[in-house]
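Novice: Fold the following, please.
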Amino acid sequence: MAFPSPALDYEEQRISLDAKCIVRSASTYIVRCSESHWKAGIMSGAYLVVDDSAITPCDGSIVVATVQSEFRVLRYKTMPKPQKEEIDQPGKKHSLLDDVEDDGVFGVATWILNDARSGEFDDVPVM
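Specialist: Below is the predicted model:
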C-alpha cells in the first residue's frame with residue numbers, strides 16, 4: 001500500500017488563456033493588429049481580444065471601430081462629446097455621428113497579446 005505524495009498539496013492548475021482573457025465567448029473575437037500603436041503598447045502583429053457587446057467603452061478605452069467602412073484601432077473619448085481618436089495622433093478625431101450607418105464602435109479591446117521576441121519596444125524608455 002502506497003502513501004500519497006506530500007507534493008499533491010502544492011499541485012497547481014494549468015493556466016488557460018481562454019479562462020483568463022475571455023469572459024463571454026459568444027461575444028469575444030481575437031483580431032490581429034496590422035500596425036503598431038506605440039502609445040497604447042500595441043506592436044505590429046499583436047492580437048487584440050475584443051468584446052463586441054458586453055462591455056461599454058469608457059473614456060480612454062481602446063476600441064475597434066469602423067471609419068469609412070474600414071476597421072481601425074482607435075481610442076474612445078467621452079469629453080467634450082463621445083468621439084474616437086487616433087491613438088498615436090490624438091489631434092485627429094473621428095466623430096461618432098459623421099456617418100450614422102457606418103461609423104460606430106465594433107468592440108472594446110480587453111487584452112493585448114504582443115510577441116515579446118521582436119524587441120520592438122526596446123528603445124522606448126517609458127515602456
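Novice: drop to CA atoms for contacts and neighbour counts, all remaining ones
Specialist: Fine.
Novice: need the helix or strand of this structure with the lowest average pLDDT.
Specialist: Sorting the helices and strands of the chain by mean pLDDT, DSSP states H and E puts strand 93-95 at the bottom, at a mean of 73.
Novice: Buried ones in that strand, by neighbour count?
Specialist: Across strand 93-95, burial judged by 16 or more other C-alpha atoms under 10 Å covers K93, H94, S95.
Novice: Mind putting those into TSV with distance to K84?
Specialist: TSV is the format used below for the buried residues of strand 93-95 (distance: C-alpha to C-alpha, whole Å):
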residue	distance to K84
K93	6
H94	5
S95	6
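Novice: Looks like C33 contacts S44 (just checking).
Specialist: Yes - the criterion here is C-alpha atoms under 8 Å, and C33 meets it with S44 at 6.0 Å.
Novice: Centre of the chain to stretch 9-20, how far?
Specialist: Centre-to-centre, stretch 9-20 and its host chain are 23 Å apart (C-alpha atoms, centre = their mean, to the nearest Å).
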